[in-house]
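> what's the 3D shape of this:
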Amino acid sequence: MSERRKSVRTRALKGARIIYGNGSLTRDCAVRNLSTNGAKLVMPSTAGIPDSFELVLEDGTRKNCAVRWRKLTDIGIEFVGEA
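Model (predicted):
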């Protein structure tokens, strides 16, 4: 694994924030299984999270996301572009 990829993954695992509702709503989450194509987001509940949203990692990286699968406390997402 490259140093850059390892560094981004380490920072992302510390946490992230989902932004939706035209930027007016946010939800904190933890990021797991981060790859260049997507990730698994873990939070107390996925209720109310829309099928597409913006994800902001702690390093400030922003990603547009689409939900690929959903469970009670986690969702699998696909990155669909930089925000």
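> beta partners for the residue nearest the centre of the chain?
Centroid check for the chain by CA atoms, centre = their mean gives L55 as the closest residue, at 4.6 Å. Residues in a beta bridge with L55, per DSSP bridges, are I18, K63.
> so who does it touch?
L55 makes contact with A16, R17, I18, I19, A39, L41, R62, K63, N64, C65, I77, according to CB atoms under 8 Å, 6 or more residues apart in numbering. Quick note: C-beta positions are derived from backbone N, CA and C, even for glycine.
> what score does it have for pLDDT?
pLDDT for L55: 96.
> quick one: distance of stretch 69-80 to the chain centre.
Taking CA atoms, centre = their mean, to the nearest Å, one finds the center of stretch 69-80 at 8 Å from the center of the full chain.
> what comes into contact with it?
32, 36-46, 49, 52, 55, 63-68.
> show me the strands in the protein, by range?
Under the criterion DSSP state E, strands of the chain are mapped to 16-20, 25-32, 38-42, 52-57, 62-70, 74-82.
> most neighbours per residue, which of the ones you listed?
Most buried of those by mean neighbour count (mean count of other CB atoms under 10 Å) is strand 38-42; its value is a mean of 21.
> list the neighbouring strands of that strand plus their orientation.
The strands beside strand 38-42 in its sheet (DSSP bridges) come out as strand 25-32 (antiparallel), strand 74-82 (antiparallel).
> and it, what's its mean pLDDT?
Mean per-residue pLDDT for strand 38-42: 96.
> now the angle from that strand to strand 52-57?
Calculated by axes from the mean of the first three to the mean of the last three CA atoms, to 10 degrees, strand 38-42 forms an angle of 80 degrees with strand 52-57.
> what's the end-to-end length of stretch 69-79?
Across stretch 69-79, the terminal residues are separated by 13 Å (CA to CA, to the nearest Å).
> follow-up on the earlier one: now the strands paired with strand 38-42 as CSV including mean pLDDT?
CSV is the format used below for these (pLDDT from 0 to 100):
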stretch, mean pLDDT
strand 25-32, 95
strand 74-82, 93
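> contacts only, for I19.
I19 makes contact with L25, T26, F53, E54, L55, V56, according to CB under 8 Å, 6+ apart.
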